[in-house]
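Undergrad: what follows is a predicted protein model with its sequence.
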Amino acid sequence: MKSETENKIIRFLNQNASIEDIKILSIWLDEKENQKEFENYVKLNFYSIYLVNKENDFVEERRKELENDFKKIKIKQSIIRIYRYAAVLLLFFGLGYYQFSNSIKRNSSSEIIPKKNEITLEIPGGKQILIEKEKNIFKEKSYVSLHKNSNQIIYKKNNKLKEIFYHTLNVPYGKTWNLILSDGTKVYLNSGSSLKYPVSFIEGLPRTVFLNGEAFFEVKNNNNNIFEVYSNGVSVEVYGTKFNFKNFIEDDNLNVVLVEGSVQIKNIVTNKSTKLSPGFMGSVSKKTNLISKTKVNTKLYTSWVNGRVIFRNEKFDQIIKKLERLYNVTIINNNKIISGEPFNASFDINSEPIDDVLGNFKQIYDIDYQISNNKIIIN
């Protein structure tokens, strides 16, 4: 189901649908396959069953509100037609409806169960290894040896290797992972990120890796081999340092926060570069390609490595994207008034489930939400 169609159904079931939404849904339901898809969707999102029971009152109320401005639109027929397909709920739940509806609260505390995605390691030839299901030690051919320890994989250096072989570590939403590269560099990968890197660095050549998403690097010092991180036309060059590199697709800027040492940010498109000192963040605009730097509190940008997430004057829409990545859930925001509003919050993802995080937002900011089938709907 397309996301725009799903959003229209959700708005309809929440009594927030516009005339245009209802018209489009009515036309969409002309197709038999869509009727079945609609029925299945309503079954899965059963929290809206109370709407079906109030069909007559709601239809009449909406008709009176809208008929003056839209006399030519048979709104009542359209709404009834859509509810006809939703009525399967009554059969699905039968006499259990009354017990169930009494447990429905406007701000549901139903437990959210994260989706199950696997951390994968892609090796030459395109083979995917499920890291979490592997044994403690495993080898791949003769040019690389890996050791798995808890939530970390460690690469051993191969001094005889003359050719570069790459691995790509993919970390899905809701998980993080650590690795130690063959030179001793430590990398912490955040949720929804991937890193491509050589299984063993070759002496005399740059230590080059490729990042999508967010990672914290503790680069092992080597004056003879520069360490390079590439992402979306931008490179960061270091010899030995600690820094955070963040570049998700939806971000307006690519950000590098330096904790220790010195780095140089270079925009490959414009060939412009700038150096950072500890305590500064370098930002590359994806629209203008301009590089700027700002003095920051580095803990706000690096605390995620230890499981602590901090928001300071961050727009609510940006917070939503982060929560989706961190907890591997879907959040639909129907409250556009708060989308651009700045919020402050902090929580520990290792000890605080998404239910607790939402509860805190509700308590502090009076945000109204519902939970259903791993979807969070903000009203």
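TA: Everything's here; your move.
Undergrad: dihedrals phi and psi, the closest residue in space to Asn328 that isn't next to it in sequence?
TA: Excluding the flanking residues, the one nearest Asn328 by CB to CB, 6 or more residues apart in numbering is Gly174, at 2.9 Å. For the C-beta atoms, the positions are set from N, CA and C on the backbone; glycine is no exception. Backbone torsions for Gly174, taken as degrees, to the nearest 10, come to phi 90, psi 0.
Undergrad: and Ser277, how many residues sit next to it?
TA: Using other CB atoms under 10 Å, Ser277 is surrounded by 11 other residues.
Undergrad: tell me the spacing between it and Phe227.
TA: The gap separating Ser277 from Phe227 is 18 Å, by CB to CB, to the nearest Å.
Undergrad: quick revisit: wait, doesn't the residue nearest to Asn328 sit right on Lys322?
TA: No: using CB atoms under 8 Å as the test, Gly174 is too far from Lys322 to be in contact (12.0 Å).
Undergrad: before we move on, which element is Glu37 in?
TA: For Glu37, the element it lies in under DSSP states H and E is helix 32-44.
Undergrad: nope, Ile331 is what I was after
TA: Taking DSSP H and E as the criterion, Ile331 maps to strand 330-333.
Undergrad: show me the contacts for Trp121.
TA: Check again: residue 121 is Leu, not Trp. When contacts are counted by CB atoms under 8 Å, 6 or more residues apart in numbering, Leu121 touches 128-129, 131, 153, 167-170.
Undergrad: now swap in Lys157 and tell me
TA: Here Lys157 is in contact with 182-183, 200-201 (CB under 8 Å, 6+ apart).
Undergrad: most widely separated two among those residues?
TA: Taking CB to CB as the measure, the contacts of Lys157 span a maximum distance of 8.7 Å, between Asp183 and Ser200.
Undergrad: the two: who's more crowded?
TA: Taking neighbours as other CB under 10 Å, Asp183 and Ser200 compare with Ser200 leading, 22 against 18.
Undergrad: can you verify my assumption that the more buried one contacts Lys162?
TA: No: using CB under 8 Å, Ser200 makes no contact with Lys162, being 10.3 Å away.
Undergrad: relative to the whole chain's centre, how far out is the strand holding Ile331?
TA: With CA atoms, centre = their mean, to the nearest Å as the basis, strand 330-333 stands 11 Å off its chain's centre.
Undergrad: likewise stretch 275-285?
TA: 25 Å.
Undergrad: tell me how far the ends of it are from each other?
TA: Using CA to CA, to the nearest Å, the end-to-end distance of stretch 275-285 comes out at 16 Å.
Undergrad: and it, average pLDDT?
TA: Taken as a whole, stretch 275-285 carries a mean pLDDT of 96.
Undergrad: for stretch 132-145, same thing?
TA: Average pLDDT, stretch 132-145: 65.
Undergrad: next: stretch 38-52.
TA: Here the average pLDDT along stretch 38-52 is 51.
Undergrad: pairing partners for the strand ranked longest in the chain, with directions?
TA: Counting by DSSP state E, the longest strand found in the chain is strand 207-218. Strand pairing for strand 207-218, using DSSP bridges, gives strand 186-189 (antiparallel), strand 193-198 (antiparallel), strand 227-231 (parallel), strand 242-247 (antiparallel).
Undergrad: please enumerate the strands of the stretch 251-379 of the chain.
TA: For the stretch 251-379 of the chain, strands defined by DSSP state E, counting those that start in this stretch occupy the ranges 253-260, 263-267, 272-276, 280-285, 291-295, 308-315, 330-333, 342-348, 369-372, 375-378.
Undergrad: nearest to Lys242, of these?
TA: Among those, strand 253-260 comes nearest to Lys242, with 4.2 Å by CB to CB.
Undergrad: report the buried residues of that closest one.
TA: Neighbour-count burial for strand 253-260 flags 253-259 (criterion: 16 or more other CB atoms under 10 Å).
Undergrad: domain ranges for the protein, per the record?
TA: 3-103, 120-302, 306-378 (automatic domain parsing).
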